[in-house]
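In: Provided below for reference: sequence and predicted model.
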Amino acid sequence: YREFRQGKGEATVQDGSRVAVEMTIRCKSFATNIEPGGLKYFSTKDDTDFNELAFTVGIGDILPGLEEGMIGMRKGAIRRIEVPATMVFAAKKA
């Protein structure tokens, strides 16, 4: 991950933390001249009623790579997290 802005406060995200985040998810495999960061396929600003996504870290509600990349963040931080396709499309074990 890459930290663009460090958050403030003592509390950090860890397993079990309840968080509300704004995020945009892009697929780098489909980068174009218009969208060099990759094709946007989800954005909390465009695709949700509340402009954020709330979940508990560590219980599997979102991609494991996103959870892993959020560990240690502080309130107000901005971080770019890149999750490998193998992690995104991995089959869940039954």
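Out: Everything's here; your move.

In: From here on, just use CA atoms for contacts and neighbour counts.
Out: Will do.

In: Secondary structure class of the residue most central in space within the chain, three-state.
Out: With distances taken as C-alpha atoms, centre = their mean, Leu66 lies nearest the centre of the chain, 4.4 Å away. Under the three-state scheme (DSSP: H, G, I helix; E, B strand; the rest coil), Leu66 adopts helix.

In: where does this structure dip in pLDDT?
Out: 90-94 (pLDDT under 70).

In: all strands of it, in order?
Out: 2-5, 18-21, 24-27, 39-43, 53-56, 78-80 (DSSP state E).

In: any chance of those in a markdown table, with distance to Phe89 too?
Out: Converted to a markdown table, the strands of the chain look like this (distance: least, C-alpha to C-alpha, whole Å):
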| stretch | distance to Phe89 |
| --- | --- |
| strand 2-5 | 22 |
| strand 18-21 | 22 |
| strand 24-27 | 12 |
| strand 39-43 | 15 |
| strand 53-56 | 20 |
| strand 78-80 | 20 |
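
In: Of all the ones you listed, which one comes closest to Thr86?
Out: In terms of C-alpha to C-alpha, the element of the strands of the chain nearest to Thr86 is strand 24-27, at 12.5 Å.

In: Please tell me I have it right and the residue nearest to the centre of the chain contacts Val83.
Out: Yes - using C-alpha atoms under 8 Å, Leu66 is in contact with Val83, at 6.9 Å.

In: Show me the beta-bridge partners of Val21.
Out: Assessed by DSSP bridges, Val21 has beta-bridge partners Leu53.

In: Now for it: which residues touch it?
Out: Going by C-alpha atoms under 8 Å, 6 or more residues apart in numbering, Val21 touches Glu52, Leu53, Ala54.

In: Show me how to select, in ChimeraX, the buried members of those residues.
Out: The buried residues among the contacts of Val21 can be selected in ChimeraX (16 or more other C-alpha atoms under 10 Å) with this line:
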select :52
